[in-house]
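> A predicted structure for the sequence below; I have some questions about it.
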There are 2 protein chains.
Amino acid sequence: MPASKTRRRGEHLERAILDATWAELSETGYSGLTIEAVAARAATSKTVIYRRWPSRAALVLAAWNHQAPVSVDEPDTGSLRTDLLTLFVTIARRVDTMMSEMIAGVMGEAFRHPEVAELLRDRLRAAPLHDRVQQIVDRAARRGELPPVRVPARALRIPLDLIRTEAMTCGAPLTDATITELVDDVYLPMLHGLASHPDR
Amino acid sequence: MPASKTRRRGEHLERAILDATWAELSETGYSGLTIEAVAARAATSKTVIYRRWPSRAALVLAAWNHQAPVSVDEPDTGSLRTDLLTLFVTIARRVDTMMSEMIAGVMGEAFRHPEVAELLRDRLRAAPLHDRVQQIVDRAARRGELPPVRVPARALRIPLDLIRTEAMTCGAPLTDATITELVDDVYLPMLHGLASHPDR
DNA sequence: TCAATAAGAGACGCAACGTATCTTAGGAGC
DNA sequence: GCTCCTAAGATACGTTGCGTCTCTTATTGA
């Protein structure tokens, strides 16, 4: 492409590449994503991309982090169970097919590139959604639905873990029935167990 | 390779290919696995493999299923908690790094090949380990540690799901601390919750 | 014994990899 | 405003593995 456009640099260029990566992901998925296609879409060249990110997985992770997380307000629905269902549905909507395939792909490469593994781990652990659970539990305690508990960090992560696992093994969005199952057969019992046998 | 060896066929040949696949998986992992290398190791040619399996993922799944599952006896340790810890450790030992990377790889391809997705789903759901949980719970009920419960199918799958998720995001075998966390902060509370608030 | 079938060898065009080289634009410092 | 110097961008390269194809030859079972 001759000089009709001015040459981009730094921050600006980087954003363009990450946006192009995200667009490619949406269109062709992780397995179909090629550095060459990203370069073409961003109207730059492979070299520029390789200068910044050492692997496809690193690029994709950067693009993922670059995507502004849509903030969601979690309303008080008046009961612990419906609060949880709402939360699970919110998470499930976010972990769609493209997302799952991307995570599977990045996971696969994480075994070869330790630095990717670390980035991925951080990404999955830092999810702001985890805090929501404690808020929901606190509300339930205030209502008297549950004795007050401090939910362990591990238990806070479970909703996202379960939904991700399910989405990845099904290769399709979660059905309402599955979500109800996760809440009624797993998570709600777990919270009741935690609350009524504290510590142990 | 000229005809020093007699030409293999059918069943016999198939086993040789699946064994070669498993060996390649162990050595180079899923991401490094190539059909050409498998063919070379099995002393056959690509054509023969492509005639039987449409994709790398399908071949790997077949090799996985072909691996004879090591049968493990699950002893009665005298308490629900230690029974569970023993079970979790058994599962975790089985889901080692190679296994996790393989599953991640197959999952990635499952999104493109629906028939692979189905095979994978079957493989993950049919795990004989699921039944163990109900046995352990029944024993605990007999001891009086827990009211008797019928654990829902979804809840039976949780141990394997959690361990797999953890192994895949860590890229390393689970530590004892993690296993203890999964039992104490998640699964044991869940069972107590299920047992003391049946149905709901 | 002979035909049908499947194994095995190899060549193919293709796509993307990751690297290396070179030119040129644009920003910083003076 | 001029000049460096850095980074952008283009392109070409060898490599690897893909998946398909064609052709020969061994084996089997009727």
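In hand now; what should we look at?

> got a list of contacts for stretch A:173-180?
A:85, A:88-89, A:92, A:96-97, A:163, A:166-167 (Cβ atoms under 8 Å, 6 or more residues apart in numbering or on different chains). Heads up, the C-betas are built off the backbone N, CA and C, glycines and all.

> so the closest residue to residue A:99 other than its chain neighbours, which of the three states?
What sits nearest to residue A:99 in space, not counting adjacent residues and going by Cβ to Cβ, 6 or more residues apart in numbering or on different chains, is residue A:167, at 7.6 Å. State at residue A:167, reduced to three classes by DSSP: H, G, I helix; E, B strand; the rest coil: helix.

> hang on, the earlier thing: and the contacts of stretch A:173-180, which are buried?
A:85, A:88-89, A:92, A:163, A:166-167 (16 or more other Cβ atoms under 10 Å in any protein chain shown).

> Okay, and which of those residues map to helices?
With helices taken from DSSP state H, the overlap with these comprises A:85, A:88-89, A:92, A:163, A:166-167.

> Would you mind giving those as JSON lines with pLDDT added?
As requested, these are arranged in JSON lines below (pLDDT from 0 to 100):
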{"residue": "A:85", "pLDDT": "95"}
{"residue": "A:88", "pLDDT": "94"}
{"residue": "A:89", "pLDDT": "93"}
{"residue": "A:92", "pLDDT": "92"}
{"residue": "A:163", "pLDDT": "94"}
{"residue": "A:166", "pLDDT": "93"}
{"residue": "A:167", "pLDDT": "92"}
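
> Could I get the full set of helices for chain A?
Under DSSP H, chain A gives helices at A:10-32, A:35-41, A:46-52, A:56-66, A:80-94, A:97-110, A:114-125, A:129-143, A:153-170, A:176-181, A:188-196.

> for those helices, which one sits closest to residue B:155?
helix A:188-196 (7.6 Å; Cβ to Cβ).

> tell me what the closest one is packed against?
Using 3 or more Cβ pairs under 8 Å, 6 or more residues apart in numbering or on different chains; DSSP states H and E, the elements in contact with helix A:188-196 are helix A:80-94, helix A:129-143, helix A:153-170, helix B:188-196.

> Throw those helices into TSV and include distance to DNA strand D, thanks.
Listed next are the helices and strands packed on helix A:188-196 as TSV, based on distance: least, Cβ to the nearest atom of the strand, whole Å:
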stretch	distance to DNA strand D
helix A:80-94	31
helix A:129-143	34
helix A:153-170	21
helix B:188-196	42
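
> Closest one of the ones in helices among the buried ones among the contacts of stretch A:173-180 to chain B?
Of all those, residue A:166 has the smallest distance to chain B: 8.0 Å, by Cβ to the nearest Cβ.

> Now the closest one: closest residue in space that isn't a chain neighbour?
Residue A:166's closest residue in space is residue A:174 (Cβ to Cβ, 6+ apart), at 5.7 Å.

> ditto for residue A:145
residue A:80 (4.9 Å).

> tell me the contacts of the one you found?
Counting by Cβ under 8 Å, 6+ apart, residue A:80 touches A:136-137, A:139-140, A:143, A:145-146, A:188, A:191.

> Pick the one among these closest to DNA strand C.
residue A:136 (42.2 Å; Cβ to the nearest atom of the strand).

> List the residues that contact the nearest residue to the closest one once chain neighbours are set aside.
Among residues not flanking residue A:136 along the chain, residue A:83 sits closest, at 4.6 Å (Cβ to Cβ, 6+ apart). When contacts are counted by Cβ under 8 Å, 6+ apart, residue A:83 touches A:74, A:76-77, A:136, A:139-140.

> And those residues, which of them are buried?
Neighbour-count burial (16+ other Cβ under 10 Å) is assigned, among the contacts of residue A:83, to A:74, A:136, A:139-140.

> I'd like these as a markdown table, with distance to residue A:123 and pLDDT appended.
What follows is the buried ones among the contacts of residue A:83, written out as a markdown table (distance: Cβ to Cβ, whole Å; pLDDT from 0 to 100):
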| residue | distance to residue A:123 | pLDDT |
| --- | --- | --- |
| A:74 | 21 | 78 |
| A:136 | 23 | 94 |
| A:139 | 28 | 94 |
| A:140 | 29 | 95 |
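
> Going by neighbour count, which residues in the lowest-mean-pLDDT helix or strand in chain A are buried?
Counting by mean pLDDT, DSSP states H and E, chain A has its least confident helix or strand at helix A:114-125, which shows a mean of 88. Of the residues in helix A:114-125, those buried under the neighbour-count criterion (16+ other Cβ under 10 Å) are A:116-117, A:119-120, A:124.

> Go through the residues you listed and say which is closest to DNA strand C.
Of those, the one sitting nearest to DNA strand C (Cβ to the nearest atom of the strand) turns out to be residue A:116, at 12.0 Å.

> Quickly note the distance from that closest one to residue A:32.
Taking Cβ to Cβ, to the nearest Å as the measure, residue A:116 falls 19 Å from residue A:32.

> Kindly report the same for residue A:7.
29 Å.

> These two - which one has more neighbours?
Neighbours were counted for residue A:7 and for residue A:32 using other Cβ atoms under 10 Å in any protein chain shown; residue A:32 has more, 13 against 7.

> how about the residues of chain A near DNA strand D?
Residues of chain A lying close to DNA strand D by Cβ under 7 Å from any atom of the strand are A:1, A:7-10, A:13, A:43-48, A:51.

> Tell me the buried residues within those.
By 16+ other Cβ under 10 Å, these give A:8, A:44 as buried.
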